[in-house]
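K.L.:
okay, here's the prediction I keep looking at, along with the sequence it came from:
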Amino acid sequence: MRGNGTPWLSFPVLLWRLTLWDTSHGISAMTNFADRTIWTGDNLDILRGLNSASVDLIYLDPPFNSNRNYAAPVGSAAAGAAFKDTWTLSDLDVAWMGLIADEQPAMYQVLQTAGLTHGKGMQSYLCMMAVRLLEMRRVLKDTGSVYLHCDPTAGHYLKLLMDSIYGQASFRNEIVWKRTAGRSDAKGFGRVHDTILFYCKTDNFTWNTQWLPHSEEYVNRAYRHRDERGPWQPDQLTASGLRSG
């Protein structure tokens, strides 16, 4: 993969494989990689070598199209590593878009719109993402989920790409990750968060609810009232309702 024509290591894609065999698809889908495997190189090449429907969960942390250059600090373990997060439409991008136009018309419209409204750099970035996101859907199991880390630079376009791949009904949540404390910019609100887009492949996705007990200090502070059913707290029922409830 490249930014502005410069080769660099591909962005992190974490793949979780929970079982060796999967029979939920009517046929046995065997994984062809060991759990906790670390690959280096272009993740598109790696993804193409994986069996279909063999991955339980994907988390990806791609470039954000920040139009900046990055280098590891001198003296760190990664010293010397660098990449350019700048993008220029290339002949390869144009070729990819031709294939996408034939096979993924909704996605093609997103790429075309991005080029018209945001320029060829954004179009090139999204084209790079699109071909990899398609491969990720192929390797994901029907019970699998995918978490895409992004920020406001291209997050709105990436959501449209994900909608075109998985369908808008497969969008589950937008997770807001507050990265720093609030601060005041000269003009406007502080930019202090990233976004994680959570999609599932089908409605039959795996969800393991995490339960942790409240501390005694929290219960005594928040649930000061007691009756025959136990601790309780008064609250206002003014919420407009759950989005999908």
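P.N.:
Structure received.
K.L.:
C-alpha from now on. contacts and neighbour counts both.
P.N.:
Fine.
K.L.:
so what's residue 71 scoring on pLDDT?
P.N.:
We have a pLDDT of 78 for residue 71.
K.L.:
that one: neighbour count?
P.N.:
12 (other Cα atoms under 10 Å).
K.L.:
okay, and the beta partners of it?
P.N.:
residue 82 (DSSP bridges).
K.L.:
measure it to residue 192 for me?
P.N.:
The gap separating residue 71 from residue 192 is 22 Å, by Cα to Cα, to the nearest Å.
K.L.:
and residue 64, what is it in contact with?
P.N.:
85, 150, 151, 153, 154 (Cα atoms under 8 Å, 6 or more residues apart in numbering).
K.L.:
hmm, residue 43 is touching residue 13, no?
P.N.:
Yes - using Cα atoms under 8 Å, residue 43 is in contact with residue 13, at 7.4 Å.
K.L.:
residue ranges in this protein under the pLDDT threshold?
P.N.:
Applying pLDDT under 70 to the chain picks out residues 1-11, 16-29, 184, 238-245.
K.L.:
pick out the residue nearest the middle of the protein.
P.N.:
Here the mean C-alpha position of the chain is nearest to the C-alpha of residue 148 (Cα atoms, centre = their mean), at a distance of 0.4 Å.
K.L.:
these two touch, right, that residue and residue 57?
P.N.:
No - look at residue 148 against residue 57 with Cα under 8 Å: they stay out of range, at 11.2 Å.
K.L.:
for this structure, just list every one of the helices.
P.N.:
For the chain, applying DSSP state H gives helices covering 43-48, 91-103, 105-118, 120-139, 155-166, 216-222.
K.L.:
now the ones you listed as TSV including distance to residue 228 and mean neighbour count?
P.N.:
Formatted as TSV, the helices of the chain follow (distance: least, Cα to Cα, whole Å; neighbours: other Cα atoms under 10 Å):
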stretch	distance to residue 228	mean neighbour count
helix 43-48	57	15
helix 91-103	62	14
helix 105-118	57	17
helix 120-139	51	21
helix 155-166	48	19
helix 216-222	16	11
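K.L.:
for these, give me CSV that also has distance to residue 31.
P.N.:
Shown next, in CSV, are these (distance: least, Cα to Cα, whole Å):
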stretch, distance to residue 31
helix 43-48, 12
helix 91-103, 26
helix 105-118, 28
helix 120-139, 10
helix 155-166, 22
helix 216-222, 45
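K.L.:
okay, now the nearest residue to residue 200 once chain neighbours are set aside: neighbour count?
P.N.:
In this structure, residue 200 finds its nearest non-sequential neighbour in residue 145, 4.3 Å apart by Cα to Cα, 6 or more residues apart in numbering. Residue 145 has 23 neighbours, counted by other Cα under 10 Å.
K.L.:
quickly list what residue 145 is bridged to.
P.N.:
If you apply DSSP bridges, the partners that residue 145 bridges to are residue 57, residue 200.
K.L.:
how close does it get to residue 114?
P.N.:
Residue 145 is 26 Å from residue 114, where distance means Cα to Cα.
K.L.:
what about the spatially closest residue to residue 151 that is not a sequence neighbour, distance to residue 78?
P.N.:
Spatially, and ignoring its direct neighbours in sequence, residue 151 is nearest to residue 194 (4.6 Å; Cα to Cα, 6+ apart). Residue 194 sits 24 Å away from residue 78, going by Cα to Cα.
K.L.:
what about these two, which has more around it?
P.N.:
For the pair residue 194 and residue 78, the greater number of neighbours falls to residue 194 (17 against 11), based on other Cα under 10 Å.
K.L.:
quick one: contacts for that one?
P.N.:
Counting by Cα under 8 Å, 6+ apart, residue 194 makes contact with 149, 150, 151, 152, 176, 177, 178, 179.
K.L.:
which among the contacts of residue 64 end up buried?
P.N.:
The neighbour-count test (16 or more other Cα atoms under 10 Å) marks 85, 150, 151, 154 as buried among the contacts of residue 64.
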